[in-house]
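*Asks:* predicted model and sequence below, questions to follow.
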Amino acid sequence: MKCTQRAALLLYSAKLLSAGPVSAPFSPTNIFAPVSTPANEIRSLSFLVLAVTAAIFVTVFSLLVFAVMKFRDRSGPSATEPPQVFGSKQVELAWTVIPVLIVFVLFLATARVIAGIQNAPPPPGTVKVTVIGHQFWWEYHYAGSNVVTANELHVPVSDPSHPTPTFLTLLSADTDHSFWVPRLAGKTDLIPNHPNSMWIDPHETGLFLGQCAQYCGVQHAKMLLRVYVQPRDAFDRWIEQQSRPAAESDDVSEGRRVFESTACVNCHTVAGTIAKGKFGPDLTHLMSRDTIGAGAAENTPQNLRRWIQNPNAFKPSCLMPAMGLSSSQLDAITTYMESLR
């Protein structure tokens, strides 16, 4: 898991450096550096809770220090004993009413934030995406288009004066998962046969990392999230490009033949081919993604070849089998995959 996190951080920092000056903290999962309205509301609530609990800690600790210092054991006739109190209604009311009031205030503040986030209506221009959690990867369907992609979510930046949020419908294909990108929103669970929803409206462009936050199997730690927030025109271009069939050249015909003659077509989809599988990620524009294996490795020809040869070398117990291809078949199919942009 440490190697995966290190690779994710390297990719994140490389993206930030290529994007220009950075004003946000380096940590890609810092909940105290929100760039979206739901995350900002959660941060404000967390500050309130921290302030209240800090005040309680300081008060109790101060009283404890005072009692220890004032009534510590002294030798000699000057030793004093604190007054003994029996059955004081004032004291009993104080230690009952004050905690109840504190809990009530925190309850109201939390309920307000939860209701504000969960009941927010989608305004005009909302981007709607259906998110499906699989063991151990993410699938994204963009409403109003035929765009289907995997693991890397692209959304438009939202102008606070004219919000254009992205609403996510969360589904699970197998077991419980949890969608959590700390700088964009709180975590929301994906539960089989129980649709859930959440929304984000990022105010900054960039790459934001997250993680499946619900243990879902042996490769839960490598079910990473990457959210690319783009200017609206760049997002529209990305949607248009993802809507096209994959571009490929004549020199990959052998790789396509190998791909279509193996069990790959039973699990994966490549638009414009006989591959219509739904169990694995859509590969139509595979090389437009920065990573493979839900963030397990950088998407390079070398890693792609190794992934096709033996996926378990990257993600032990992942559900994609090794196909037992020869070296020439591996070269051909890797070349074909590289053409899918």
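*Replies:* Received, thanks.

*Asks:* tell me the pLDDT of residue 128.
*Replies:* On pLDDT, residue 128 comes in at 96.

*Asks:* care to break the protein down by domain?
*Replies:* For the chain, automatic domain parsing gives the domain ranges 1-73+120-243, 250-338.

*Asks:* which of those has the lowest average pLDDT?
*Replies:* In terms of mean pLDDT, the lowest-scoring of the domains of the chain is domain 1-73+120-243 (a mean of 87).

*Asks:* that one: how far from the chain's middle?
*Replies:* Computed by CA atoms, centre = their mean, to the nearest Å, the chain-centroid distance of domain 1-73+120-243 equals 5 Å.

*Asks:* with stretch 332-341 instead?
*Replies:* 29 Å.

*Asks:* can I get the domains of the chain in TSV including distance to residue 83 and mean neighbour count?
*Replies:* Quick note: C-beta positions are derived from backbone N, CA and C, even for glycine. Shown next, in TSV, are the domains of the chain (distance: least, CB to CB, whole Å; neighbours: other CB atoms under 10 Å):
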stretch	distance to residue 83	mean neighbour count
domain 1-73+120-243	10	17
domain 250-338	64	17
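
*Asks:* nearest to residue 84, out of those domains?
*Replies:* Judged by CB to CB, the one of these that comes nearest to residue 84 is domain 1-73+120-243, at 11.8 Å.

*Asks:* distance between the ends of stretch 296-305?
*Replies:* 14 Å (CA to CA, to the nearest Å).

*Asks:* give the other helices and strands that the helix or strand residue 92 falls within contacts.
*Replies:* Residue 92 is part of helix 89-118, with elements assigned from DSSP states H and E. Contacts defined by 3 or more CB pairs under 8 Å, 6 or more residues apart in numbering; DSSP states H and E place helix 89-118 against helix 37-70.

*Asks:* which residues in the chain form helices?
*Replies:* Remark: helices assigned in the chain by DSSP state H are 2-19, 37-70, 89-118, 232-243, 253-260, 264-267, 301-309, 327-338.

*Asks:* next, format the ones you listed as CSV and append distance to residue 316.
*Replies:* As requested, the helices of the chain are exported to CSV (distance: least, CB to CB, whole Å):
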stretch, distance to residue 316
helix 2-19, 12
helix 37-70, 33
helix 89-118, 37
helix 232-243, 31
helix 253-260, 24
helix 264-267, 19
helix 301-309, 13
helix 327-338, 20
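
*Asks:* okay if I get the domains of the chain as a markdown table plus distance to residue 104?
*Replies:* Formatted as a markdown table, those follow (distance: least, CB to CB, whole Å):
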| stretch | distance to residue 104 |
| --- | --- |
| domain 1-73+120-243 | 12 |
| domain 250-338 | 42 |
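
*Asks:* how far away is the spatially closest residue to residue 188 that is not a sequence neighbour from residue 184?
*Replies:* Of all residues not flanking residue 188 in the chain, residue 198 sits nearest, at 4.3 Å (CB to CB, 6 or more residues apart in numbering). Distance, residue 198 to residue 184, using CB to CB, to the nearest Å: 9 Å.

*Asks:* next up, the contacts around the residue nearest to residue 188.
*Replies:* With contact taken as CB atoms under 8 Å, 6 or more residues apart in numbering, residue 198 is in contact with 38, 117, 167, 168, 170, 179, 185, 186, 188.

*Asks:* what's the most distant pair in the residues you listed?
*Replies:* Longest span within these, CB to CB: 167 and 186, 14.9 Å.

*Asks:* ok, which stretches of the stretch 151-300 of the chain are strands?
*Replies:* Under the criterion DSSP state E, counting those that start in this stretch, the stretch 151-300 of the chain carries strands at the ranges 152-156, 166-172, 177-180, 188-190, 196-200, 206-212, 224-230, 291-292, 297-298.

*Asks:* partner strands of the second one, with direction?
*Replies:* Which is strand 166-172. With DSSP bridges as the test, strand 166-172 is paired with strand 127-134 (parallel), strand 196-200 (antiparallel).
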